[in-house]
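Q: model this:
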Amino acid sequence: MSNGKPDTEHNEAQSAEPAENADGGAEARRGAEAGEAEDVAARATRLEAEVAELRDQLLRALAESENQRRRSQREREDAVRYAAAPMLRDLLPVADNLQRALASVPAETAERDDTLRTLLEGVQLTQRELESVFERHGIVRLDPMGERLNPHHHEAMFEVPDPQTPSGTIVQVVEPGYLLHDRLLRPARVGVAKGGPPPGPGPGPGGGPGSGDGGAKAAANDDQAGDASDGADSAEDADSRA
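A: All right, here's what the predicted structure looks like:
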């Protein structure tokens with residue numbers, strides 16, 4: 001006859017097994033959840049890095065597109081602004097010949113001959129009309145007598161010994177030069193003094209401040225400032241989009 005003791009131990013063992021299984025399952029679930037959380041965190045970190053990289057690429061592309069747009073716009077404006085340069089350059093010898101024709105006739109000779117005087121007046125009228133056309137199209141005449149030699153606008157053809165005039169000063173204009181807006185159509189061909197005292201601060205291109213070496217440095221500084229301005233504008237655009 002059984003006293004019930006083995007059954008009790010058996011029942012306790014059976015009840016302990018589900019408890020152990022439950023603990024093991026909970027730990028497995030916690031481990032799985034921790035693994036999933038780590039995977040989510042790693043994926044989030046990876047996605048954030050990809051987003052940052054794509055954002056940087058987008059900002060760079062936008063800045064480059066803006067720079068390209070500005071360059072294209074500047075090129076279009078220059079194409080329109082200087083489109084007539086070849087034709088206008090071909091007209092410069094006409095202006096030279098009209099000036100030579102006027103200079104070849106002494107005023108007293110024209111006064112004595114009515115026909116010659118009428119012809120001279122017609123040539124003068126033609127010259128004035130041509131100068132008016134040049135002015136409407138933004139052409140500026142360079143007649144740099146007495147100025148410092150500016151290699152950007154003048155072409156030295158010969159030197160004239162002159163101990164009284166500062167070296168590099170233009171003492172003779174063989175042929176005037178012309179500018180189309182701010183672009184040189186033809187340099188003024190000149191003779192310069194040689195053997196005089198050292199030159200002081202020279203006049204600018206066409207007679208303004210900053211000619212000669214100073215004018216070259218000023219032009220270089222202006223170009224650098226324009227490039228820096230484009231870069232700064234692009235950086236500002238990128239920052240504003242950020």
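Q: ranges for the strands of the protein?
A: Using DSSP state E, the strands of the chain run over residues 139-142, 154-161, 170-175, 177-180, 183-186, 188-194.
Q: So in that sheet, which strands flank the fourth one, and in what orientation?
A: Strand pairing for strand 177-180, determined by DSSP bridges: strand 139-142 (antiparallel), strand 183-186 (antiparallel).
Q: Kindly state the pLDDT recorded for residue 14?
A: Predicted confidence (pLDDT) for residue 14: 53.
Q: one step back: format the strands paired with strand 177-180 as a markdown table; extra columns: distance to residue 36 and mean neighbour count.
A: Any C-beta I mention is one placed from the backbone N, CA and C, and that applies to glycine too. Shown next, in a markdown table, are the strands paired with strand 177-180 (distance: least, C-beta to C-beta, whole Å; neighbours: other C-beta atoms under 10 Å):
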| stretch | distance to residue 36 | mean neighbour count |
| --- | --- | --- |
| strand 139-142 | 78 | 18 |
| strand 183-186 | 69 | 16 |
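Q: Which among those strands is found nearest to residue 161?
A: Of all the strands paired with strand 177-180, the one in closest proximity to residue 161, counting by C-beta to C-beta, is strand 139-142 (24.7 Å).
Q: any idea of the mean pLDDT in that closest one?
A: For strand 139-142, the mean pLDDT works out to 93.
Q: could you dump that strand to PDB, C-alpha only?
A: What follows is strand 139-142, C-alpha atoms only, in PDB (Å, rounded to 0.1, in the frame of the first residue of the first chain):
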ATOM      1  CA  ILE A 139      33.100 102.400 -78.000                       C
ATOM      2  CA  VAL A 140      35.500 104.700 -76.200                       C
ATOM      3  CA  ARG A 141      38.500 106.300 -78.000                       C
ATOM      4  CA  LEU A 142      41.900 106.100 -76.300                       C
END
